[in-house]
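> Model the following, please.
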Amino acid sequence: MGITLVLMLIFIDSVSTFSISALTDSRNSTTEKEGKNADIIRSLLNQETIIRMALQQNVHILRKDLVTIQEKLTDVETKMSRNQVECTSAMSKLESRLLILIDENAALTNAIRSDLENCNENQLMSSMEIQQINQTLAGFDLKQDVAFTVGIAEFNKTWNSGTLVYNKIISNIGNGYNANTGVFTAPFGGTYVFYIAAVEYEKQDLGLDIVLNNKSKVRLIGNNQAAYQTGTNMVVLSLGKGDEVWVKRSYGKGFHSHGVPLTTFTGFLIKHV
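Presented below is the predicted three-dimensional model:
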């Protein structure tokens, strides 16, 4: 009985000691876990603080970049607005210039058309005059021993006085025309025909007379309504031996011609006295 009691007390003491030891171990384990958790929490807080600071710095940088972008955008919009104004102004000037060019082109077209019409009229007149000459000559004895055609092989825009000397001899049957003086001298008496044609120089008036012994007989004109107007005239004269015929300036200045003469002087005998 006594032994049994002793054994029970020993058992109870062992159980109590084990329980107290187990409880102490449990508390120590809980304390260690709580310490670890606290460390984790502190680490997370530190990381959160670092992240927050980094975010704040990034937000500051982004705001600064946004301000810079807005300034650049404003500058671009200003330049675009200014360029638009300049482009509008330039387009307006180009449109005005285009209208002027259209008007100038229309005026030039009308001028060319007018010149062509005048040229056609002059050519028609020249053809009619040649036909008249041919009809006139048809009734005469064409056995000629005196005839000449002379011309000028270059233009002269300043000539304005005296006798017009034709320096290019095309024909000079009978040698009545003097290329140095520009004067035809009748080798003998008879009825002669003289014809002149001249082209005025670039809208400069031109008047030329056929002169017999210092007396003007007929006159051609090239007016200044258009450039390079052609004037012609013809006369039939009774000449005595030694009479002189030439072409002189009446008014205006200059004349047009080239290698194949445009400005010419022609004369021939149609009847002996």
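
> In this protein, what residue spans correspond to strands?
Listed in chain order, the strands of the chain (DSSP state E) span 147-151, 168-173, 177-178, 183-185, 190-199, 206-212, 215-222, 230-239, 244-252, 264-272.

> nearest to Gln56, of those strands?
strand 190-199 (95.1 Å; CB to CB). From N, CA and C alone the C-beta is placed, and that goes for glycine too.

> now the closest one: mean pLDDT?
Taken as a whole, strand 190-199 has a mean pLDDT of 95.

> Repeat that for stretch 95-111.
82.

> Thr49: which of the strands of the chain is closest?
Nearest to Thr49, of the strands of the chain and by CB to CB, is strand 190-199 at 104.8 Å.

> what is the orientation angle of that closest one with strand 147-151?
Compare the direction of strand 190-199 with that of strand 147-151 by axes from the mean of the first three to the mean of the last three CA atoms, to 10 degrees and you get 20 degrees.

> now the residue nearest to Tyr177 when sequence neighbours are not counted: how far from Ala179?
Once flanking residues are discounted, Tyr177 sits nearest to Phe148: 4.3 Å by CB to CB, 6 or more residues apart in numbering. Applying CB to CB, to the nearest Å, the value for Phe148 to Ala179 is 10 Å.

> shared neighbours, the two?
169, 172 (CB atoms under 8 Å, 6 or more residues apart in numbering).

> More neighbours: which of the two?
Phe148 (21 against 14; other CB atoms under 10 Å).

> Can you verify my assumption that that one contacts Val245?
No - counting by CB atoms under 8 Å, Phe148 does not reach Val245; the two are 10.5 Å apart.

> who touches both of these two?
184, 267.

> rewinding a little: so who does the residue nearest to Tyr177 touch?
Neighbours of Phe148 in contact, by CB under 8 Å, 6+ apart: 169-174, 176-177, 184, 265-268.

> 10 Å instead?
166, 169-177, 179, 184, 194, 265-268 (CB atoms under 10 Å, 6 or more residues apart in numbering).

> and if you look at Thr181?
Here Thr181 is in contact with 163, 165, 244, 246 (CB under 10 Å, 6+ apart).

> Bridged to the last one, which residues?
Which is Trp246. With DSSP bridges as the criterion, Trp246 is bridged to Val183, Val211.

> Could you give the number of residues near it?
24.

> That one is in contact with Gly176, isn't it?
No - using CB atoms under 10 Å, Trp246 is not in contact with Gly176, being 11.6 Å away.

> Quickly list what's touching both of these two.
With CB under 10 Å, 6+ apart as the test, Trp246 and Gly176 both reach 183-185.

> follow-up on the earlier one: got a winner among the contacts of Thr181 for most neighbours?
So for those (other CB under 10 Å), the most neighbours sit at Trp246, 24 neighbours.

> Tell me who's in contact with it.
By CB under 10 Å, 6+ apart, the neighbours of Trp246 are 162-166, 177-178, 181-185, 194, 209-214, 265.
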